[in-house]
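> build me a structure from this.
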Amino acid sequence: MIRGNALASDDWTTIDDESGIPPEAEKLIVSLSRWCAEHEQLRSSGKLIGVRLPNIEDIDAVFAEVADRPLLALEFPKFADGRALTQARVLRGRLGYRGDLRGVGDILQDLIFIMRRCGFNEIVPRLGQDMDGCLRALADFSTAYQPAADGIRSAFVRRRSSQRTGI
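Now for the predicted structure:
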């Protein structure tokens, strides 16, 4: 997995809707449906709880339910489906979510750079990906042309500010 700009081990345990809460796990990721049904029990478990959101979920509609979660895992069910990129932009931009955003699912190296621009700070590429290649993908481009959630100044803004200062 990639956390920030480095390879990292995953200290979160994903559990399905039918599994019990493993006593040894400190950090759990549960589905949105399980969170909505069991949030009181999960909160009282003494564990950190993250929530996995399907990419078809209306982020505006569910944000109040998950806004305080330390981690949101956004799903990429297939490579050609980038709706989770939009979810990340909405979470980071309009809604101001400051917790960890994790991309999970069918993530290929080609998506890594744009995922970071959209606000993901944790990325779990699909099995079989060259993790070192995925890490290098964070530096695939040296110039940003659009504003995004990563805070990099776009080429337009840099050009405009250099014209004002005469540089």
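> what helices and strands are in contact with the helix or strand where residue 136 lies?
Following DSSP states H and E, one finds residue 136 within helix 131-136. Applying 3 or more CB pairs under 8 Å, 6 or more residues apart in numbering; DSSP states H and E, one finds that helix 131-136 makes contact with strand 2-3, strand 6-7. Every C-beta, even on glycine, is put in place using the N, C-alpha and C of the backbone.
> can you name the residues in contact with whichever helix or strand comes after the last one?
It refers to strand 6-7. Per DSSP H and E, the first helix or strand lying C-terminal to strand 6-7 is strand 13-14. Here strand 13-14 makes contact (CB atoms under 8 Å, 6 or more residues apart in numbering) with 22, 25, 27-30, 52, 73.
> mind redoing it with 7 Å?
22, 25, 27-29 (CB atoms under 7 Å, 6 or more residues apart in numbering).
> ok, now stretch 124-137?
1-2, 7, 102-104, 106-109, 112-113.
> among the residues you listed, name the buried ones.
By neighbour count, with 16 or more other CB atoms under 10 Å, the contacts of stretch 124-137 hold 1-2, 102-104, 107, 109, 112-113 as buried.
> got a markdown table for the helices and strands packed on helix 131-136, with distance to residue 63 and mean pLDDT too?
Below are these laid out as a markdown table (distance: least, CB to CB, whole Å; pLDDT from 0 to 100):
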| stretch | distance to residue 63 | mean pLDDT |
| --- | --- | --- |
| strand 2-3 | 23 | 94 |
| strand 6-7 | 29 | 92 |
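> distance to residue 130 added to these, as CSV?
Putting the helices and strands packed on helix 131-136 into CSV (distance: least, CB to CB, whole Å) gives the following:
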stretch, distance to residue 130
strand 2-3, 12
strand 6-7, 11
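> quick one, which of those is nearest to residue 56?
Among the helices and strands packed on helix 131-136, strand 2-3 comes nearest to residue 56, with 24.7 Å by CB to CB.
> list the helices and strands that closest one packs on?
Using 3 or more CB pairs under 7 Å, 6 or more residues apart in numbering; DSSP states H and E, the elements in contact with strand 2-3 are strand 122-123.
> returning to what we had before: so which of the buried ones among the contacts of stretch 124-137 belong to strands?
Among the buried ones among the contacts of stretch 124-137, DSSP state E puts 2, 102-104 in strands.
> let me know the closest of the residues you listed to residue 45.
residue 102 (20.1 Å).
> hang on, the closest one packs against residue 73?
Yes: the pair residue 102 / residue 73 is scored as a contact, 4.4 Å apart, by CB atoms under 7 Å.
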